[in-house]
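> Sequence and predicted structure below; questions after.
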Amino acid sequence: MTKPTNKPTFIPKLYCNFFGHDYQVTKNVTYHVKEYTCSHCKKQLTTNSNGNLIELTPKFKEINAILERIHASRMERSKKKTIASSIY
Ligand SMILES: [Zn+2]
């Protein structure tokens, strides 16, 4: 380094450039869709409908919130179904 920098994000980004991002699952949206955050630079990713990892933009956050709600209500329904079928 020739010039000192005051940017606090410089070091984590540099770290990720050298060693790669260290993504941790921060949210399970559905069985297949998850949200990830890099523990160093806080970059966020999500799984899209094709199963690829893409940047988590505000638009995808919105989509994931909707998916999460649909998934939760489906889980709720299948739980009731299991209870009902175990009675008979
Ligand atoms: Zn990173």
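Cool, got the structure.
> Helix or strand with the lowest mean pLDDT in this structure?
With mean pLDDT, DSSP states H and E as the measure, the helix or strand of the chain carrying the lowest mean pLDDT is helix 10-19 (a mean of 83).
> Number of residues surrounding Thr47?
The number of residues packed around Thr47, counting by other Cβ atoms under 10 Å, is 19. Every C-beta, even on glycine, is put in place using the N, C-alpha and C of the backbone.
> Show me the beta-bridge partners of it.
Partner residues in beta bridges with Thr47: Leu53, with DSSP bridges as the criterion.
> my guess is it contacts Lys27, does it?
No - using Cβ atoms under 8 Å, Thr47 and Lys27 do not qualify as a contacting pair, with a distance of 10.8 Å.
> which residues are common contacts for those two?
Counting by Cβ atoms under 8 Å, 6 or more residues apart in numbering, the common neighbours of Thr47 and Lys27 are Lys34.
> tell me the mean pLDDT for the helix or strand following the least confident helix or strand of the chain?
Next helix or strand after helix 10-19 toward the C-terminus (DSSP states H and E): strand 23-28. Confidence over strand 23-28, taken as the mean pLDDT, stands at 96.
> is strand 23-28 up against the ion anywhere?
No - using Cβ under 5 Å from the ion, we find that strand 23-28 stays clear of the ion, coming within 7.7 Å at best.
> partners of that strand in the sheet?
Paired strands of strand 23-28, defined by DSSP bridges, are strand 34-38 (antiparallel).
> can the strand it pairs with be found next to the ion?
Yes - in terms of Cβ under 5 Å from the ion, part of strand 34-38 sits within range of the ion, namely Cys38.
> picking up where we left off before, relative to strand 34-38, how tilted is the least confident helix or strand of the chain?
For helix 10-19 and strand 34-38, the angle between their directions (axes from the mean of the first three to the mean of the last three Cα atoms, to 10 degrees) works out to 110 degrees.
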